[in-house]
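> here is a sequence together with a model predicted from it:
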Amino acid sequence: MRNLEQQITQYAAYHRDRRNIATHFFGVPMIVFSVVLALSPFAVNGVNVALLALAMAAVYYIFLDVALGTAMLIFLFVCYLISIYLNAKIGHTGVVMGLAVALFVIGWIIQFIGHKYEGMKPAFTDDIMGLIIGPLFIMTEVFFALGLKAGLKKYVEDRVGPTLAARNGAPIGPAGSSHA
């Protein structure tokens, strides 16, 4: 199993264009929320399916990194609370599912627009783990923006280069190399 550094670096290789990353700040949370919302009306043996799914994801994220995993747990739990509220407020599973599907589709459209900027296909097309790592990558980018996890940022950039204003499909490489 790959560690945090390897997982984030693999994902980052497909995400070096700032415009793509910006779209992911909207699309990824929208997709994550839509999945939580879609699962939240259902329970198995009295346990909410959304709560079970987010607990499993959070355990994996915490296994990779305690600080990032804890931040993800908080984010996922907020998604869960909002989904429970919406389910109670809307009161009709079909409407909730329609909303979840709409958010899911819009989130993916936003993602694909970002990858058009990047000039690269989405990471999950080469590694299905990209679907799980995507939300963690966004949280990692939040940490980087706050000046946290500098060692991880250096590790990633030493392998796939810095984030660029506009990649447009340009090859990536270690920091200091030419990024045409």
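Arrived safely, thanks for sending.

> now the residue nearest the centre of the chain: which helix or strand?
With distances taken as CA atoms, centre = their mean, Pro135 lies nearest the centre of the chain, 1.8 Å away. Secondary structure from DSSP states H and E places Pro135 in helix 130-145.

> what's that helix packed up against?
helix 4-12, helix 18-39, helix 49-64, helix 66-90, helix 150-160 (3 or more CB pairs under 8 Å, 6 or more residues apart in numbering; DSSP states H and E). For glycine as for every other residue, the C-beta is placed from the backbone atoms N, C-alpha and C.

> so what touches the longest one?
Put plainly, it is helix 66-90. With CB atoms under 8 Å, 6 or more residues apart in numbering as the test, helix 66-90 has contacts from 4, 29, 32-33, 36-37, 40-41, 48, 50-51, 54, 57-63, 93, 96, 99, 135-136, 139-140, 142-143, 148-149.

> run the last query once more with 7 Å
32-33, 36-37, 40-41, 50-51, 54, 57-58, 61-62, 96, 135-136, 139-140, 143 (CB atoms under 7 Å, 6 or more residues apart in numbering).

> just want the angle from it to helix 130-145.
With axes from the mean of the first three to the mean of the last three CA atoms, to 10 degrees as the basis, helix 66-90 and helix 130-145 are set at 110 degrees to each other.

> and if you look at the second one?
Using the same axes, to 10 degrees, the inter-axis angle of helix 18-39 relative to helix 130-145 is 120 degrees.

> tell me the buried residues in helix 18-39?
Neighbour counts over helix 18-39 (16 or more other CB atoms under 10 Å) mark 18-21, 23-24, 26-39 as buried.

> chain center to it: distance?
7 Å (CA atoms, centre = their mean, to the nearest Å).

> span of stretch 59-70 from start to end?
9 Å (CA to CA, to the nearest Å).

> I appreciate the help and will end here.
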